[in-house]
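Participant: Sequence isn't available, so here's the structure alone:
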(Lines give C-alpha, C1' and ligand atoms only; values in the text may rest on other atoms or scores of the structure.)
Protein backbone atom coordinates (compact mmCIF):
# COMPACT_ATOMS: atom_id res chain seq x y z
CA UNK A 1 0.00 0.00 0.00
CA UNK A 2 1.67 3.20 -1.17
CA UNK A 3 0.76 5.66 1.59
CA UNK A 4 2.80 8.25 3.43
CA UNK A 5 2.52 6.22 6.62
CA UNK A 6 3.69 2.99 4.93
CA UNK A 7 6.74 4.79 3.54
CA UNK A 8 7.70 5.93 6.96
CA UNK A 9 6.54 9.52 6.58
CA UNK A 10 4.84 10.97 9.66
CA UNK A 11 1.05 11.23 9.44
CA UNK A 12 -0.41 14.74 9.54
CA UNK A 13 -2.20 15.64 12.73
CA UNK A 14 -5.33 17.48 11.56
CA UNK A 15 -7.02 17.62 14.94
CA UNK A 16 -7.33 21.06 16.46
CA UNK A 17 -5.10 21.78 19.47
CA UNK A 18 -6.90 21.28 22.79
CA UNK A 19 -7.05 25.01 23.52
CA UNK A 20 -8.57 25.80 20.11
CA UNK A 21 -11.06 22.93 20.40
CA UNK A 22 -12.14 24.14 23.82
CA UNK A 23 -12.55 27.70 22.52
CA UNK A 24 -14.61 26.46 19.56
CA UNK A 25 -16.78 24.37 21.86
CA UNK A 26 -17.33 27.39 24.11
CA UNK A 27 -18.41 29.54 21.15
CA UNK A 28 -20.79 26.85 19.94
CA UNK A 29 -22.25 26.50 23.43
CA UNK A 30 -22.80 30.25 23.74
CA UNK A 31 -24.37 30.43 20.29
CA UNK A 32 -26.69 27.55 21.16
CA UNK A 33 -27.65 29.25 24.43
CA UNK A 34 -28.55 32.54 22.74
CA UNK A 35 -30.53 30.66 20.10
CA UNK A 36 -32.39 28.78 22.83
CA UNK A 37 -33.41 32.09 24.39
CA UNK A 38 -35.44 32.92 21.28
CA UNK A 39 -37.63 29.78 21.59
CA UNK A 40 -37.18 28.70 17.94
CA UNK A 41 -40.29 26.51 17.84
CA UNK A 42 -42.50 29.41 18.88
CA UNK A 43 -40.75 31.66 16.36
CA UNK A 44 -41.48 29.10 13.64
CA UNK A 45 -45.20 29.11 14.49
CA UNK A 46 -45.21 32.91 14.48
CA UNK A 47 -43.53 33.00 11.07
CA UNK A 48 -46.05 30.51 9.66
CA UNK A 49 -49.04 32.56 10.83
CA UNK A 50 -47.45 35.82 9.65
CA UNK A 51 -46.72 34.23 6.29
CA UNK A 52 -50.31 33.09 5.96
CA UNK A 53 -51.51 36.60 6.74
CA UNK A 54 -49.16 38.06 4.14
CA UNK A 55 -50.18 35.61 1.43
CA UNK A 56 -53.87 36.16 2.11
CA UNK A 57 -53.36 39.91 1.95
CA UNK A 58 -51.20 39.82 -1.18
CA UNK A 59 -53.07 37.08 -3.05
CA UNK A 60 -50.34 36.93 -5.68
CA UNK A 61 -49.68 40.65 -6.07
CA UNK A 62 -46.80 41.34 -3.66
CA UNK A 63 -43.07 41.14 -4.34
CA UNK A 64 -41.26 38.11 -2.86
CA UNK A 65 -38.63 40.41 -1.32
CA UNK A 66 -41.33 42.10 0.75
CA UNK A 67 -42.57 38.76 1.98
CA UNK A 68 -39.08 37.57 2.95
CA UNK A 69 -38.44 40.85 4.77
CA UNK A 70 -41.77 40.50 6.57
CA UNK A 71 -40.95 36.99 7.72
CA UNK A 72 -37.45 37.98 8.81
CA UNK A 73 -38.60 41.06 10.69
CA UNK A 74 -41.43 39.17 12.36
CA UNK A 75 -39.09 36.34 13.36
CA UNK A 76 -36.64 38.79 14.93
CA UNK A 77 -39.38 40.54 16.91
CA UNK A 78 -40.84 37.19 18.03
CA UNK A 79 -37.40 36.07 19.15
CA UNK A 80 -36.99 39.32 21.07
CA UNK A 81 -40.29 38.76 22.87
CA UNK A 82 -39.19 35.28 23.95
CA UNK A 83 -35.78 36.51 25.14
CA UNK A 84 -37.27 39.32 27.21
CA UNK A 85 -39.88 36.90 28.57
CA UNK A 86 -37.06 34.67 29.83
CA UNK A 87 -35.30 37.65 31.41
CA UNK A 88 -38.46 38.48 33.36
CA UNK A 89 -39.04 34.87 34.40
CA UNK A 90 -35.52 33.67 35.11
CA UNK A 91 -36.12 33.20 38.85
CA UNK A 92 -39.44 31.41 38.33
CA UNK A 93 -37.93 29.30 35.55
CA UNK A 94 -35.32 28.07 38.01
CA UNK A 95 -38.11 26.61 40.17
CA UNK A 96 -39.85 24.61 37.42
CA UNK A 97 -38.67 21.27 36.08
CA UNK A 98 -39.53 22.04 32.46
CA UNK A 99 -37.62 25.35 32.43
CA UNK A 100 -34.82 25.06 34.97
CA UNK A 101 -32.26 24.08 32.31
CA UNK A 102 -32.84 27.23 30.26
CA UNK A 103 -29.81 29.46 29.62
CA UNK A 104 -30.56 32.05 32.34
CA UNK A 105 -31.28 29.70 35.28
CA UNK A 106 -28.17 27.67 34.42
CA UNK A 107 -25.98 30.76 34.10
CA UNK A 108 -24.96 30.11 30.49
CA UNK A 109 -26.10 33.65 29.67
CA UNK A 110 -26.29 36.56 32.11
CA UNK A 111 -29.49 38.60 32.53
CA UNK A 112 -27.73 41.71 31.21
CA UNK A 113 -26.52 39.90 28.10
CA UNK A 114 -29.96 38.42 27.49
CA UNK A 115 -31.70 41.78 27.91
CA UNK A 116 -29.30 43.47 25.48
CA UNK A 117 -29.77 40.62 23.01
CA UNK A 118 -33.57 40.87 23.25
CA UNK A 119 -33.58 44.63 22.73
CA UNK A 120 -31.20 44.29 19.76
CA UNK A 121 -33.40 41.64 18.13
CA UNK A 122 -36.52 43.74 18.63
CA UNK A 123 -34.89 46.86 17.20
CA UNK A 124 -33.50 44.96 14.22
CA UNK A 125 -36.83 43.31 13.44
CA UNK A 126 -38.70 46.60 13.69
CA UNK A 127 -36.20 48.34 11.38
CA UNK A 128 -36.46 45.53 8.81
CA UNK A 129 -40.25 45.84 8.76
CA UNK A 130 -40.11 49.62 8.66
CA UNK A 131 -37.57 49.77 5.83
CA UNK A 132 -38.68 46.83 3.67
CA UNK A 133 -42.40 46.39 4.43
CA UNK A 134 -44.27 49.40 5.85
CA UNK A 135 -44.86 51.42 9.00
CA UNK A 136 -48.18 49.73 9.76
CA UNK A 137 -46.59 46.27 9.94
CA UNK A 138 -43.75 47.66 12.06
CA UNK A 139 -46.20 49.30 14.46
CA UNK A 140 -48.17 46.07 14.93
CA UNK A 141 -44.90 44.21 15.56
CA UNK A 142 -43.86 46.72 18.23
CA UNK A 143 -47.28 46.40 19.87
CA UNK A 144 -46.92 42.61 19.82
CA UNK A 145 -43.52 42.79 21.51
CA UNK A 146 -44.68 45.29 24.14
CA UNK A 147 -47.83 43.35 25.03
CA UNK A 148 -45.99 40.04 25.32
CA UNK A 149 -42.90 41.18 27.20
CA UNK A 150 -44.23 44.00 29.38
CA UNK A 151 -47.90 43.21 29.92
CA UNK A 152 -48.54 39.46 29.58
CA UNK A 153 -45.32 38.24 31.21
CA UNK A 154 -45.59 40.35 34.40
CA UNK A 155 -49.25 39.28 34.76
CA UNK A 156 -48.48 35.55 34.86
CA UNK A 157 -47.78 35.40 38.62
CA UNK A 158 -50.63 37.81 39.40
CA UNK A 159 -53.84 36.65 37.71
CA UNK A 160 -55.32 33.81 35.68
CA UNK A 161 -56.41 36.47 33.18
CA UNK A 162 -52.86 36.38 31.85
CA UNK A 163 -53.93 33.71 29.33
CA UNK A 164 -56.46 36.04 27.75
CA UNK A 165 -54.00 38.92 27.67
CA UNK A 166 -51.26 36.72 26.23
CA UNK A 167 -53.57 35.51 23.49
CA UNK A 168 -53.62 39.04 22.03
CA UNK A 169 -49.92 39.27 21.05
CA UNK A 170 -50.10 35.58 20.17
CA UNK A 171 -52.75 36.35 17.55
CA UNK A 172 -51.14 39.48 16.06
CA UNK A 173 -48.54 37.85 13.73
CA UNK A 174 -51.08 37.21 10.93
CA UNK A 175 -52.07 40.87 11.27
CA UNK A 176 -48.40 41.84 10.82
CA UNK A 177 -48.35 39.78 7.62
CA UNK A 178 -51.65 41.24 6.40
CA UNK A 179 -50.48 44.80 7.12
CA UNK A 180 -47.16 44.19 5.36
CA UNK A 181 -48.96 43.02 2.22
CA UNK A 182 -51.78 45.57 2.15
CA UNK A 183 -50.65 48.51 4.25
CA UNK A 184 -53.98 48.40 6.09
CA UNK A 185 -55.60 46.95 9.21
CA UNK A 186 -58.87 45.95 7.55
CA UNK A 187 -61.56 43.57 8.75
CA UNK A 188 -60.12 40.69 6.71
CA UNK A 189 -56.89 40.83 8.69
CA UNK A 190 -58.77 40.96 11.97
CA UNK A 191 -60.72 37.80 11.07
CA UNK A 192 -57.36 36.00 10.92
CA UNK A 193 -56.52 37.53 14.32
CA UNK A 194 -59.78 36.25 15.80
CA UNK A 195 -59.18 32.68 14.61
CA UNK A 196 -55.70 32.49 16.14
CA UNK A 197 -56.87 34.32 19.29
CA UNK A 198 -59.63 31.80 20.06
CA UNK A 199 -57.54 28.80 19.01
CA UNK A 200 -55.01 29.57 21.73
CA UNK A 201 -57.32 29.05 24.71
CA UNK A 202 -57.91 25.28 24.45
CA UNK A 203 -54.29 24.89 23.35
CA UNK A 204 -52.71 26.71 26.28
CA UNK A 205 -55.21 25.53 28.88
CA UNK A 206 -54.42 21.93 27.92
CA UNK A 207 -50.70 22.62 28.27
CA UNK A 208 -51.26 24.38 31.59
CA UNK A 209 -53.30 21.43 32.87
CA UNK A 210 -50.60 18.90 32.03
CA UNK A 211 -47.94 21.08 33.69
CA UNK A 212 -50.13 22.51 36.48
CA UNK A 213 -47.90 21.29 39.31
CA UNK A 214 -44.84 22.81 37.66
CA UNK A 215 -46.60 26.13 37.06
CA UNK A 216 -47.70 26.17 40.70
CA UNK A 217 -44.13 25.47 41.78
CA UNK A 218 -43.02 28.51 39.78
CA UNK A 219 -45.72 30.74 41.25
CA UNK A 220 -47.67 31.10 37.98
CA UNK A 221 -51.37 31.94 38.33
CA UNK A 222 -52.61 29.60 35.60
CA UNK A 223 -56.26 28.53 35.75
CA UNK A 224 -55.51 24.80 36.23
CA UNK A 225 -53.42 25.64 39.31
CA UNK A 226 -56.60 26.95 40.98
CA UNK A 227 -58.95 24.34 39.52
CA UNK A 228 -58.07 20.95 41.06
CA UNK A 229 -60.91 18.99 39.45
CA UNK A 230 -60.36 20.54 36.01
CA UNK A 231 -64.01 21.39 35.41
CA UNK A 232 -63.48 25.12 35.00
CA UNK A 233 -60.46 24.56 32.77
CA UNK A 234 -62.39 22.13 30.60
CA UNK A 235 -65.38 24.47 30.39
CA UNK A 236 -63.24 27.41 29.32
CA UNK A 237 -61.54 25.28 26.68
CA UNK A 238 -64.88 24.09 25.32
CA UNK A 239 -66.51 27.52 25.26
CA UNK A 240 -63.60 28.99 23.31
CA UNK A 241 -63.55 26.04 20.91
CA UNK A 242 -67.28 26.57 20.37
CA UNK A 243 -66.78 30.28 19.68
CA UNK A 244 -63.99 29.40 17.27
CA UNK A 245 -66.39 27.61 14.89
CA UNK A 246 -68.32 30.71 13.73
CA UNK A 247 -65.13 32.80 13.92
CA UNK A 248 -63.34 30.38 11.61
CA UNK A 249 -66.12 30.76 9.02
CA UNK A 250 -65.74 34.55 8.83
CA UNK A 251 -63.11 34.45 6.05
CA UNK A 252 -65.85 33.19 3.73
CA UNK A 253 -68.28 35.84 4.96
CA UNK A 254 -65.83 38.73 4.37
CA UNK A 255 -64.69 37.46 0.97
CA UNK A 256 -61.30 35.98 1.85
CA UNK A 257 -62.02 32.31 1.15
CA UNK A 258 -64.46 30.12 -0.73
CA UNK A 259 -66.84 27.28 0.00
CA UNK A 260 -64.11 24.62 0.12
CA UNK A 261 -62.50 26.49 2.99
CA UNK A 262 -65.89 26.93 4.68
CA UNK A 263 -66.60 23.19 4.69
CA UNK A 264 -63.11 22.26 5.84
CA UNK A 265 -63.02 24.87 8.61
CA UNK A 266 -66.42 23.71 9.86
CA UNK A 267 -65.27 20.09 10.10
CA UNK A 268 -62.02 21.07 11.78
CA UNK A 269 -63.90 23.25 14.26
CA UNK A 270 -66.20 20.38 15.21
CA UNK A 271 -63.17 18.13 15.65
CA UNK A 272 -61.46 20.70 17.93
CA UNK A 273 -64.69 21.20 19.87
CA UNK A 274 -65.07 17.45 20.39
CA UNK A 275 -61.53 17.20 21.80
CA UNK A 276 -62.24 20.11 24.15
CA UNK A 277 -65.58 18.64 25.26
CA UNK A 278 -63.94 15.29 25.96
CA UNK A 279 -61.39 17.03 28.19
CA UNK A 280 -64.21 18.90 29.97
CA UNK A 281 -66.14 15.67 30.49
CA UNK A 282 -63.12 13.76 31.81
CA UNK A 283 -60.33 16.20 32.74
CA UNK A 284 -57.34 13.88 32.75
CA UNK A 285 -53.78 14.34 31.57
CA UNK A 286 -54.49 11.90 28.76
CA UNK A 287 -57.43 13.90 27.44
CA UNK A 288 -55.48 17.15 27.86
CA UNK A 289 -52.70 15.71 25.71
CA UNK A 290 -55.24 14.65 23.10
CA UNK A 291 -56.57 18.21 23.08
CA UNK A 292 -53.02 19.48 22.63
CA UNK A 293 -52.64 17.14 19.67
CA UNK A 294 -55.91 18.39 18.18
CA UNK A 295 -54.72 21.99 18.57
CA UNK A 296 -51.47 21.23 16.75
CA UNK A 297 -53.49 19.78 13.87
CA UNK A 298 -56.21 22.43 13.76
CA UNK A 299 -54.29 25.65 13.15
CA UNK A 300 -51.96 24.50 10.33
CA UNK A 301 -54.91 22.78 8.64
CA UNK A 302 -57.08 25.91 8.75
CA UNK A 303 -54.25 28.08 7.43
CA UNK A 304 -53.60 25.59 4.63
CA UNK A 305 -57.27 25.62 3.66
CA UNK A 306 -57.15 29.42 3.52
CA UNK A 307 -54.20 29.34 1.19
CA UNK A 308 -55.72 26.62 -1.01
CA UNK A 309 -59.10 28.35 -1.43
CA UNK A 310 -58.60 32.15 -1.46
CA UNK A 311 -61.02 34.41 -3.31
CA UNK A 312 -59.63 37.11 -5.66
CA UNK A 313 -58.91 40.46 -4.00
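Facilitator: Yep, it's here. Everything numeric in this text was worked out from a predicted model, so none of it was measured.
Participant: From here on, just use CA atoms for contacts and neighbour counts.
Facilitator: OK.
Participant: Tell me where the model's unsure across the protein.
Facilitator: Applying pLDDT under 70 to the chain flags residues 1-17, 19-26.
Participant: Going along the chain, name the helices of it.
Facilitator: 18-37, 40-58, 64-88, 90-93, 111-132, 135-147, 153-155, 162-171, 173-182, 187-210, 212-217, 231-253, 259-281, 285-308 (DSSP state H).
Participant: Remind me what the last one packs against, helices and strands.
Facilitator: Pointing back at helix 285-308 there. Where contact means 3 or more Cα pairs under 8 Å, 6 or more residues apart in numbering; DSSP states H and E, helix 285-308 is packed against helix 40-58, helix 187-210, helix 259-281.
Participant: Pick the most deeply packed of the helices of the chain.
Facilitator: Highest mean neighbour count of these: helix 173-182, a mean of 30 (counted as mean count of other Cα atoms under 10 Å).
Participant: Please name every helix or strand in contact with that one.
Facilitator: Other elements packing on helix 173-182 under the criterion 3+ Cα pairs under 8 Å, 6+ apart are helix 40-58, helix 64-88, helix 135-147, helix 187-210.
Participant: what residues does the shortest one touch?
Facilitator: When you say that, I think you mean helix 135-147. For helix 135-147, contacts defined as Cα atoms under 8 Å, 6 or more residues apart in numbering pick out 74, 77-78, 80-81, 122, 126-127, 129-130, 166, 168-170, 172-173, 175-180, 183-185.
Participant: Roughly how far does residue 249 sit from residue 256?
Facilitator: Taking Cα to Cα, to the nearest Å as the measure, residue 249 falls 10 Å from residue 256.
Participant: try residue 241
Facilitator: Separation of residue 241 from residue 256 (Cα to Cα): 22 Å.
Participant: And for residue 53?
Facilitator: Counting by Cα to Cα - residue 53 and residue 256 are separated by 11 Å.
Participant: got it, and residue 125?
Facilitator: For residue 125, the distance to residue 256 - Cα to Cα - is 28 Å.
Participant: Nice, that's everything, thank you.
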